[in-house]
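In: generate coordinates for the sequence data below:
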Amino acid sequence: MIALQDLHTCVTDQWSPTIGDPSPMGWATVAAYGATAILCFRSAHVPESRVVKLFWLALALLLLALMINKQLDLQSALTATARCLSQMQGWYEDRRSVQIGFILVVAFSGIWIALVSFWLLRKHLRHIGMALFGFVLLICFVLIRAAGFHRFDAMLNAEFLFIRVNWLLELTGIALIALNAIFASRHHQPRGME
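Out: Just a heads-up that it's a prediction; the model follows:
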């Protein structure tokens with residue numbers, strides 16, 4: 001049996017709440033999350049169906065949580081907790097199979113969430129499809145980062161034309177949501193307001 005105090009000590013030795021990405025691009029990503037959350041809140045107030053309003057509101061709250069997580073780096077706390085548990089329970093040497101299993105579960109969960117979401121919201125895809133795709137992209141990205149699998153981390157930190165792959169994935173998801181939110185708000189604006 002693992003003592004919670006021992007687990008807490010192990011995790012705090014490996015992780016502490018600090019600014020996760022103090023770079024200009026890190027702060028730009030935080031700003032993108034915040035601005036997009038505001039756009040989603042705004043889209044939740046347009047005259048649309050209740051399901052679409054709930055979708056925009058839930059997305060706004062999720063983006064606010066991801067904005068906070070971006071700089072507190074809470075997924076690193078999750079990774080540190082998993083590492084400590086694996087060491088305390090004696091399966092640290094076999095962690096690769098657990099990490100691969102986690103990534104497969106994330107991939108299948110992401111596909112399942114996407115399919116179920118697209119099916120449940122199928123009547124509204126014309127209005128929220130791009131945001132829904134951006135949401136699925138963001139969730140899969142965050143969960144794979146949380147896995148802490150070094151090969152994926154190396155791939156995400158690789159550069160393509162001076163742009164890191166993780167910036168490209170994360171900001172693409174945010175941009176898709178923002179564009180869809182702008183379109184949804186403008187689509188329902190009265191003619192005299194345009």
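
In: for the chain, what spans make up the helices?
Out: 4-14, 24-43, 50-72, 74-89, 95-120, 125-147, 150-157, 165-187 (DSSP state H).

In: could I get those as TSV with mean pLDDT?
Out: TSV is the format used below for the helices of the chain (pLDDT from 0 to 100):
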stretch	mean pLDDT
helix 4-14	80
helix 24-43	94
helix 50-72	91
helix 74-89	80
helix 95-120	80
helix 125-147	83
helix 150-157	65
helix 165-187	90
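
In: how about a markdown table for the ones you listed, with mean neighbour count added?
Out: All C-beta atoms are positioned from the backbone trio N, CA, C, and that covers glycine. As requested, these are arranged in a markdown table below (neighbours: other C-beta atoms under 10 Å):
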| stretch | mean neighbour count |
| --- | --- |
| helix 4-14 | 13 |
| helix 24-43 | 18 |
| helix 50-72 | 18 |
| helix 74-89 | 17 |
| helix 95-120 | 13 |
| helix 125-147 | 20 |
| helix 150-157 | 13 |
| helix 165-187 | 19 |
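
In: state the distance from R186 to A77.
Out: The spacing between R186 and A77, counted by C-beta to C-beta, to the nearest Å, is 39 Å.

In: ignore what I typed, I meant I113.
Out: I113 is 23 Å from A77, where distance means C-beta to C-beta.

In: with adjacent residues omitted, what lies nearest to A158?
Out: Nearest-residue entry for A158: V165, 5.2 Å, with adjacent residues in sequence omitted and distances by C-beta to C-beta, 6 or more residues apart in numbering.

In: isn't the one you found right up against L171?
Out: No - counting by C-beta atoms under 8 Å, no contact exists between V165 and L171, whose distance comes to 10.9 Å.

In: thinking I128 is in contact with A184, fair?
Out: Yes - distance between I128 and A184: 7.1 Å, which falls inside the contact criterion (C-beta under 8 Å).

In: chain neighbours aside, what residue packs nearest to L54?
Out: A44 (7.9 Å).

In: verify the stated contact: that neighbour with K53.
Out: Yes - shown here, A44 and K53 form a contact pair, counting by C-beta under 8 Å, at 5.0 Å.

In: quick one: the spatially closest residue to W15 that is not a sequence neighbour from G90, how far?
Out: The shortest distance from W15 to any residue other than its chain neighbours is 4.1 Å, reached at A80 (C-beta to C-beta, 6+ apart). Summarising the geometry, the distance separating A80 from G90, computed by C-beta to C-beta, is 18 Å.

In: check I100 too.
Out: Relative to G90, I100 is positioned 19 Å away (criterion: C-beta to C-beta).

In: what does I68 give?
Out: I68 sits 34 Å away from G90 when distances are taken as C-beta to C-beta.

In: what of C40?
Out: Going from C40 to G90 by C-beta to C-beta gives 45 Å.

In: also L115?
Out: To G90, L115 is 38 Å away according to C-beta to C-beta.
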